[in-house]
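J.: below are the sequence and a predicted model; questions follow.
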Amino acid sequence: MLYLPDPDNLTPIDHYWIGYFRADGSLSNGGGQFGQIHREPVEAFVQYLGLPVERVKAYKNSSVKSKDYWVYSMGYTAIGRVYRSMGVKSQLQDSSLYHSPHFWRGMVDGDGSISKPSARTQSLSLCGNFEDVTKFAEFLEPHVGLLSTVFPVKSIFVTRVWGDRAKTAACVLYKDQFSALLYKRQLAELLINMSYSDRYLRNAGILQDDIGVVPT
């Protein structure tokens, strides 16, 4: 049975998938689709909707050599109509989503980046349109203590937090939370488990042993 989110009573998992679909989905008058090179989140989205994973199809993607592109095509399904009415791919009708870590975790899973542990400086970023990226920077500001810069890169905009602030952002978004994208969840967990610098801890007024405490 097809699951439809109630726009007046959204759950945290609804927030997550709205964010992920906003990043990686598409809608049109004739339907829509959700797709990417990673199979598991597309199948997880279909399962969230209560549909069989056989609805997910693999296509060759000319822009990604030797990799399949996994797609769930909505057609004229009700979920497409609900998402269009909510402005999921346009102007969000529910502005409270901009204050939801679950929504932003979905966005980062779709259009964000988390550095590998081998990187010289750890980072967490999001790219997209100017409004969404600016809203993300504003969401992170009270947690990381800095309004990060939003800057253009070709036709999109990017904001990024570095070092200890990236670890805090990962804690806010990913600590003990659901994420359908395995490799990004693993990167977030590695970042969360890294130690804060002594300077950052002194400025934040907490101790390294204060497990579960996120500097604000």
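T.: Arrived safely, thanks for sending.
J.: rest of the way, CA atoms for contacts and neighbours
T.: Will do.
J.: quick one: the helices in the protein?
T.: Remark: helices assigned in the chain by DSSP state H are 12-24, 39-48, 78-86, 101-111, 130-144, 163-174, 182-192, 198-204.
J.: and those helices as TSV, adding mean pLDDT, mean neighbour count and distance to Ser118?
T.: Formatted as TSV, the helices of the chain follow (pLDDT from 0 to 100; neighbours: other Cα atoms under 10 Å; distance: least, Cα to Cα, whole Å):
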stretch	mean pLDDT	mean neighbour count	distance to Ser118
helix 12-24	97	23	27
helix 39-48	95	20	25
helix 78-86	91	18	39
helix 101-111	98	25	20
helix 130-144	97	19	22
helix 163-174	95	23	13
helix 182-192	94	18	11
helix 198-204	64	12	20
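J.: surely Phe136 meets Tyr98?
T.: Yes - contact criterion Cα atoms under 8 Å: Phe136 and Tyr98 qualify, at 7.4 Å.
J.: can you list residues touching both of those two?
T.: Shared contacts of Phe136 and Tyr98 (Cα atoms under 8 Å, 6 or more residues apart in numbering): Trp104.
J.: before we move on, back to that, now the helices of the chain in JSON lines, with distance to Gly32?
T.: Formatted as JSON lines, those follow (distance: least, Cα to Cα, whole Å):
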{"stretch": "helix 12-24", "distance to Gly32": "10"}
{"stretch": "helix 39-48", "distance to Gly32": "13"}
{"stretch": "helix 78-86", "distance to Gly32": "6"}
{"stretch": "helix 101-111", "distance to Gly32": "16"}
{"stretch": "helix 130-144", "distance to Gly32": "21"}
{"stretch": "helix 163-174", "distance to Gly32": "27"}
{"stretch": "helix 182-192", "distance to Gly32": "24"}
{"stretch": "helix 198-204", "distance to Gly32": "45"}
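J.: domain-wise, how is the protein divided?
T.: With domains defined by automatic domain parsing, the chain comprises 12-89, 100-204.
J.: for these, which one sits closest to Met1?
T.: domain 12-89 (5.7 Å; Cα to Cα).
J.: would TSV of the domains of the chain with distance to Pro5 be doable?
T.: As requested, those are exported to TSV (distance: least, Cα to Cα, whole Å):
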stretch	distance to Pro5
domain 12-89	6
domain 100-204	14
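J.: hang on, Tyr48 packs against Met1?
T.: No - using Cα under 8 Å, Tyr48 makes no contact with Met1, being 10.7 Å away.
J.: one step back: tell me which of the domains of the chain sits nearest to Asp6.
T.: In terms of Cα to Cα, the element of those nearest to Asp6 is domain 12-89, at 8.6 Å.
J.: how far out from the middle of the chain is that closest one?
T.: From the chain centre to the centre of domain 12-89 is a distance of 14 Å (Cα atoms, centre = their mean, to the nearest Å).
J.: ok so, going back, ok, which of the helices of the chain comes nearest Asn61?
T.: Of all these, helix 39-48 comes closest under Cα to Cα, at 13.4 Å.
J.: who touches that closest one?
T.: 3, 17, 34-36, 52-53, 55-56, 69-72, 180-182.
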